[in-house]
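A.B. asks: Dropping a prediction and its sequence here:
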Amino acid sequence: MDECKVIIMGFGSVGQGVANALSMKKDLIKDKTGVSVKVVAAADSSSSAISQDGLDEELLVKTKKEEGKLAAYPEFGSDKSGLDVLDAVEYDCLIEATPTNIVDAQPALSLTLKAFEQGKDVVTSNKGHLALKFKEIVGAAEEAGVEFKYEASVGGSMPIINFTRDTLASCEIKSIKGILNGTTNYILSRMTSEGSDYEVILKESQELGIAETDPTQDVEGIDAACKTVILANSLLGIDATYSDVKVEGISNINSQAIELAKKDDYLIKLIAEVSPENLQVSPRLIKRGSSYDVSGTLNMATIKTDLADEVSVIGLGAGSHETASAMLTDLISILKNKN
């Protein structure tokens, strides 16, 4: 394989991050894999840009930011969207970065399954379809004989799925416990350091772009619960879906609770636990100075194994470039396996 033609579906912050990263890292990818990567289509929610000869990644991002839709891309803008884009161009790999939907997993579910049916590999940052239908999707990829990578769906740039499978390949994974949502960690860290109320820090987080305009998925623990399901299935072999996770968010944590914990040298963090006995996301007391004492938008996880005991990983869990780094790593892995 000398050339890999990719489609970027979902051209929000993550999709644009992927385009920017590809623009910067094409030479590195070619050096590592011997394969040239070419973006032949990119799509937002209502339009796209399509060219079998390849698109300019920087121009894609500029067009989206300045015009608001990819249909305005010079010469190759199109009104095609969704599944129609997959039929409009020849490609090798779908880079799927549409927003997470925990209700019916769309459009990620349909896009992913169609790519498999077409014999294409898929790299995703999406959590919804994996949290609801993990077994079905992985089974479809195996049946189609294609590769399916989803490191970016858990922890942004924090390496955990590939790290555990590859570096800890000799170990049985007993449990995973950690902080899997950067937004809630940022809010709780600010509440701890400043003594401010939850509502005040949440509003400031939204103004800074750290929290979404609708922060429900983050602050109510939904995002971390989706990641709990993905880790349970992929690393512990637990056949679980979102409904199997006990979920409690941080919206009821007040400054008084934070101060009370600090008096006993404890912090409050939103902790996800993944084990055969317990799938849970909830605020918990953690000892100051422990491995769980990380601030800002950092994610961390402690992987308990039979041979290596406990191994902890840490990394930025949010951000378009951080998520894009994980997606490009998955793409590189796929290309290496093909050559």
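C.D. replies: Arrived safely. Numbers count the residues shown, from 1 in each chain.
A.B. asks: Find the residue at the geometric middle of the chain.
C.D. replies: Nearest to the centroid of the C-alpha atoms of the chain, with distances taken as C-alpha atoms, centre = their mean, sits S153, at 2.7 Å.
A.B. asks: check contacts around that residue.
C.D. replies: Each residue near S153 by C-beta atoms under 8 Å, 6 or more residues apart in numbering is listed here: 124-127, 130, 226-227, 230. No exception for glycine: its C-beta is placed from N, CA and C like everyone else's.
A.B. asks: So what's the residue count around S251?
C.D. replies: 17 (other C-beta atoms under 10 Å).
A.B. asks: how much space between it and I187?
C.D. replies: Relative to I187, S251 is positioned 10 Å away (C-beta to C-beta, to the nearest Å).
A.B. asks: Over to E259?
C.D. replies: In terms of C-beta to C-beta, E259 sits 16 Å off from I187.
A.B. asks: Over to G68?
C.D. replies: 30 Å.
A.B. asks: what's the answer for Y150, then?
C.D. replies: Counting by C-beta to C-beta, the gap from Y150 to I187 is 26 Å.
A.B. asks: Now L231: closest residue in space, sequence neighbours ignored.
C.D. replies: V274 (4.8 Å; C-beta to C-beta, 6 or more residues apart in numbering).
A.B. asks: whoops, V37 was the one
C.D. replies: Excluding its sequence neighbours, the residue lying closest to V37 (C-beta to C-beta, 6+ apart) is C4, at 5.0 Å.
A.B. asks: now the longest helix along the chain, how far from the centre of its chain.
C.D. replies: Scanning the chain for the helix with the most residues, using DSSP state H, yields helix 13-33. With C-alpha atoms, centre = their mean, to the nearest Å as the basis, helix 13-33 stands 17 Å off its chain's centre.
A.B. asks: In terms of secondary structure, what does the next helix or strand after that helix contact?
C.D. replies: As assigned by DSSP states H and E, the chain's next helix or strand after helix 13-33 is strand 36-43. For strand 36-43, the packing partners by 3 or more C-beta pairs under 8 Å, 6 or more residues apart in numbering; DSSP states H and E come out as strand 3-9, helix 13-33, strand 48-50, helix 57-67.
A.B. asks: One more pass at 10 Å, please.
C.D. replies: strand 3-9, helix 13-33, strand 48-50, helix 57-67, helix 83-87, strand 93-96, helix 320-338 (3 or more C-beta pairs under 10 Å, 6 or more residues apart in numbering; DSSP states H and E).
A.B. asks: Note down every partner strand of it and its orientation.
C.D. replies: strand 3-9 (parallel), strand 48-50 (antiparallel) (DSSP bridges).
A.B. asks: right, so of those strands, which gets closest to E194?
C.D. replies: Closest of the strands paired with strand 36-43 to E194 is strand 3-9, at 38.8 Å (criterion: C-beta to C-beta).
A.B. asks: The closest one relative to helix 320-338, how many degrees between them?
C.D. replies: 140 degrees (axes from the mean of the first three to the mean of the last three C-alpha atoms, to 10 degrees).
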